[in-house]
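Peer 1: Here you go, sequence then predicted model.
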Amino acid sequence: MSDVQMIQLSGKPYVILPRDEYDRLTLLAKANTLPPVPAADERGTVPAVDYARASLARKIIQQRAELGLSQRDLAKLAEIRVETLCRIETGKVTPAVVTIERIERGFQKARKRRSK
């Protein structure tokens, strides 16, 4: 992040940074708003399906943010609809195995592009 510059306007300090760095930081910030894991009941049990949905959603969001991908980017790489990915990331649906495999292939494509 050596391209960062500081300026002052009306006595307030501002940071100027490249757009791609701003986009990366924005994605990381959004990744901190992960869907909640369901709370345990009085017996200490957690609904398995709800827990699995939230856990999968959190992992996808975190990996997507680490790779600097938007939902649209990942959906395109995974060859799924953005709406489908959004529903998965909010923990509203349980994706089919084939959809999870497509998302993983999308991550693999992103990693390959990144390493070039």
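Peer 2: Good, I have the coordinates.

Peer 1: State the helix or strand in which the one residue sitting closest to the centre of the chain lies.
Peer 2: The residue lying closest to the centre of the chain (CA atoms, centre = their mean) is residue 61, at 2.6 Å. Residue 61 belongs to helix 48-66 when assigned by DSSP states H and E.

Peer 1: Who are the packing partners of the helix or strand just after that helix?
Peer 2: Of the helices and strands lying after helix 48-66 in sequence (DSSP H and E), the nearest is helix 71-78. With contacts taken as 3 or more CB pairs under 8 Å, 6 or more residues apart in numbering; DSSP states H and E, helix 71-78 sits against helix 48-66, helix 82-89, helix 97-115. C-beta coordinates here come from the backbone N, C-alpha and C atoms, glycine included.

Peer 1: ok, back up a step: buried stuff in the helix holding residue 61?
Peer 2: 50, 53-54, 56-58, 60-61, 63-65 (16 or more other CB atoms under 10 Å).

Peer 1: Serialize those to TSV and add fields for distance to residue 22.
Peer 2: Below are these laid out as TSV (distance: CB to CB, whole Å):
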residue	distance to residue 22
50	35
53	31
54	29
56	29
57	25
58	24
60	23
61	19
63	21
64	17
65	14
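
Peer 1: Output the helix or strand bottoming out on mean pLDDT in the chain in PDB with nothing but the alpha carbons.
Peer 2: Lowest by mean pLDDT, DSSP states H and E among the helices and strands of the chain is helix 19-31, with a mean of 78. Output of helix 19-31 as PDB, limited to C-alpha atoms (Å, rounded to 0.1, in the frame of the first residue of the first chain):
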ATOM      1  CA  ARG A  19      -9.400   2.200  -6.500                       C
ATOM      2  CA  ASP A  20      -8.500  -1.500  -6.500                       C
ATOM      3  CA  GLU A  21      -7.300  -1.100  -2.900                       C
ATOM      4  CA  TYR A  22     -10.400   0.700  -1.900                       C
ATOM      5  CA  ASP A  23     -12.500  -2.000  -3.500                       C
ATOM      6  CA  ARG A  24     -10.500  -4.700  -1.700                       C
ATOM      7  CA  LEU A  25     -11.000  -3.000   1.700                       C
ATOM      8  CA  THR A  26     -14.700  -2.500   1.000                       C
ATOM      9  CA  LEU A  27     -15.000  -6.300   0.300                       C
ATOM     10  CA  LEU A  28     -13.200  -7.100   3.500                       C
ATOM     11  CA  ALA A  29     -15.400  -4.800   5.500                       C
ATOM     12  CA  LYS A  30     -18.500  -6.400   4.000                       C
ATOM     13  CA  ALA A  31     -17.100  -9.800   4.900                       C
END
